[in-house]
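>>> Just need the structure, nothing else, for what follows:
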Amino acid sequence: MNTETRNRKRGLRNREGFSLIEMVIVLAILGIVATIAISNLYSAIPHTRLETAQLRMAEVMMIARNQARSEEMNTRVLLDAGAGTYWIEAQDRDTLDWSNAMPGGGVETLPQGVTISANTFPSNQVQYTTRGSMLVGGKIELTASNGETLELNGNLTTGRFSREGGNLR
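Below is the predicted model of the structure:
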């Protein structure tokens, strides 16, 4: 008597594959896990956009400061809270006119869902002297669509910004 016949007599069968019930259970578990994962990802999007905006704005402020120091000219970063944009301008030494000094000549736009909710800098501008210090210190507050806020605090003496809130690195 061969092994297959013995297994049949003992009530054991060769099972290949899965039953329909096993497949439905596995698919239901995968569906639940996927739903949880997707909802967590969607709730993380506003936070990620807010941190990205904070990092980029701090970077642009540092670019303006470095331009002021290296080219020995006054620079400023203009903030348009209504449009959610900001850009660097430099002052011509001879004419004293201001012109766009943003790398590439463009304008930075805040990510979707992020706004400038507070700004203590006068005239919506952060102005740097030829030595890289600020004319006036202040604070810029960014708010995400979920209500979370992060701040950029400008140091009058050093001209540098510190980032408050978020995952500081």
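>>> Flag the shaky bits of this protein, pLDDT-wise.
1-15, 165-169 (pLDDT under 70).
>>> Give me the next element, helix or strand, following the top helix by length along the chain.
The longest helix of the chain (DSSP state H) is helix 20-71. Next along the chain after helix 20-71, taking DSSP states H and E as the criterion, comes strand 75-80.
>>> That following strand - which strands sit beside it in the sheet, and in what orientation?
Using DSSP bridges, the strands paired with strand 75-80 are strand 85-91 (antiparallel), strand 125-128 (antiparallel).
>>> got the angle between it and helix 20-71?
With axes from the mean of the first three to the mean of the last three CA atoms, to 10 degrees defining the directions, strand 75-80 sits at 140 degrees from helix 20-71.
>>> Give the buried residues for strand 75-80.
Going by neighbour count (16 or more other CB atoms under 10 Å), the buried part of strand 75-80 is 75, 76, 77, 78, 79. To be clear about C-beta, it is placed using only N, CA and C from the backbone, and glycine gets the same treatment.
>>> With distance to residue 41 added, can I get the strands paired with strand 75-80 in JSON lines?
As requested, the strands paired with strand 75-80 are exported to JSON lines (distance: least, CB to CB, whole Å):
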{"stretch": "strand 85-91", "distance to residue 41": "28"}
{"stretch": "strand 125-128", "distance to residue 41": "34"}
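>>> Looking at the ones you listed, which one is packed in the most?
Mean neighbour counts were taken over those using mean count of other CB atoms under 10 Å, and the top value, a mean of 23, falls to strand 125-128.
>>> ok, and what's touching that one?
For strand 125-128, contacts defined as CB atoms under 8 Å, 6 or more residues apart in numbering pick out 61, 64-65, 68, 74-79, 134-136, 138, 154, 159.
>>> Swap in 10 Å and give it another go.
Residues from elsewhere that reach strand 125-128 (CB atoms under 10 Å, 6 or more residues apart in numbering): 57, 60-61, 64-69, 73-79, 86, 88-91, 98, 119, 121, 133-138, 140, 152, 154, 159, 161.
>>> And these, which of them are buried?
57, 60-61, 64-65, 67-69, 73-79, 86, 88-91, 119, 121, 133-134, 137-138, 140, 152, 154, 159, 161.
>>> What sits closest to the most centrally placed residue in the chain if chain neighbours are left out?
Centroid-nearest residue in the chain: residue 52, 1.5 Å away (criterion: CA atoms, centre = their mean). The shortest distance from residue 52 to any non-neighbouring residue, by CB to CB, 6 or more residues apart in numbering, is to residue 111 (5.8 Å).
>>> May I ask you to confirm that that neighbour is in contact with residue 85?
No: counting by CB atoms under 10 Å, residue 111 does not reach residue 85; the two are 11.8 Å apart.
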